[in-house]
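1. Sharing a model that was predicted from the sequence below.
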Amino acid sequence: MNRKRPLGVALIGSFYIFGSVVLWLSLFLIDFSSEKYGIAARFGLPNVPEHLARILVGVVSLVMAYGYLRLKRWGYWLMVSYSIYFLTVSGYLFVLYKDQPFLGNVIWSLIVIAYSYSKRSHFYTKPQQIWVGDKSV
């Protein structure tokens with residue numbers, strides 16, 4: 001493919017990969033009882049066990065970041081859908097609790113949605129074919 005990945009797409013995808021790795025490492029390094037709001041609560045799933053929520057969010061983030069970094073159409077839509085869901089849940093929780101982690105999540109989700117939308121054409125271009133004589137490669 002002859003498409004160039006925008007810098008913002010590389011940064012956003014890398015942040016999600018980094019976050020996924022940190023979530024998995026936190027399973028072994030952090031005592032969850034000291035956290036005011038765990039990952040499950042931040043995603044609007046307070047009845048889901050914290051370990052399971054960290055594993056699931058980590059897997060979804062990794063798959064989503066892979067598709068996003070590879071400029072796949074499904075990666076774009078998964079990132080936008082994930083960000084809209086996270087924006088909605090974080091906005092609701094911010095109105096409910098007025099705490100910073102939720103406001104930061106709202107701002108991040110807005111940035112990801114706006115930037116992804118502005119670069120949507122990179123996810124919809126078809127790979128160029130190379131013509132050698134009468135055959136395409």
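-> Right, received. Where do you want to start?
2. Packing partners of the helix or strand harbouring residue 52?
-> Using DSSP states H and E, residue 52 maps to helix 50-69. In terms of contacts (3 or more CB pairs under 8 Å, 6 or more residues apart in numbering; DSSP states H and E), helix 50-69 is packed against helix 7-29, helix 39-42, helix 73-97. Where C-beta positions appear, they are placed from N, C-alpha and C, glycine not excepted.
3. Next, the angle from that helix to helix 73-97.
-> 140 degrees (axes from the mean of the first three to the mean of the last three CA atoms, to 10 degrees).
4. Over helix 50-69, what's the mean pLDDT, rounded is fine.
-> Mean pLDDT, helix 50-69: 94.
5. From the chain's centroid, how far away is it?
-> 8 Å (CA atoms, centre = their mean, to the nearest Å).
6. Likewise for stretch 64-76?
-> Centroid separation for stretch 64-76 versus its chain: 10 Å, with CA atoms, centre = their mean.
7. buried residues in it?
-> For stretch 64-76, the neighbour count (16 or more other CB atoms under 10 Å) marks 64-65, 67-69, 71, 75-76 as buried.
8. now swap in stretch 107-118 and tell me
-> Within stretch 107-118, the residues scored as buried using 16+ other CB under 10 Å are 108-109, 112-113, 115-116.
9. Off-centre distance for it?
-> On the basis of CA atoms, centre = their mean, stretch 107-118 is displaced by 11 Å from the centre of the chain it belongs to.
10. With just CA atoms, put that stretch into CSV.
-> Output of stretch 107-118 as CSV, limited to C-alpha atoms (Å, rounded to 0.1, in the frame of the first residue of the first chain):
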residue,chain,number,x,y,z
ILE,A,107,-12.0,15.7,26.4
TRP,A,108,-9.8,12.8,25.1
SER,A,109,-12.9,11.2,23.4
LEU,A,110,-13.8,14.5,21.7
ILE,A,111,-10.2,14.9,20.5
VAL,A,112,-10.1,11.3,19.1
ILE,A,113,-13.5,11.7,17.4
ALA,A,114,-12.7,15.1,15.9
TYR,A,115,-9.2,14.0,14.7
SER,A,116,-10.4,10.7,13.3
TYR,A,117,-13.2,12.4,11.4
SER,A,118,-10.8,14.9,9.9
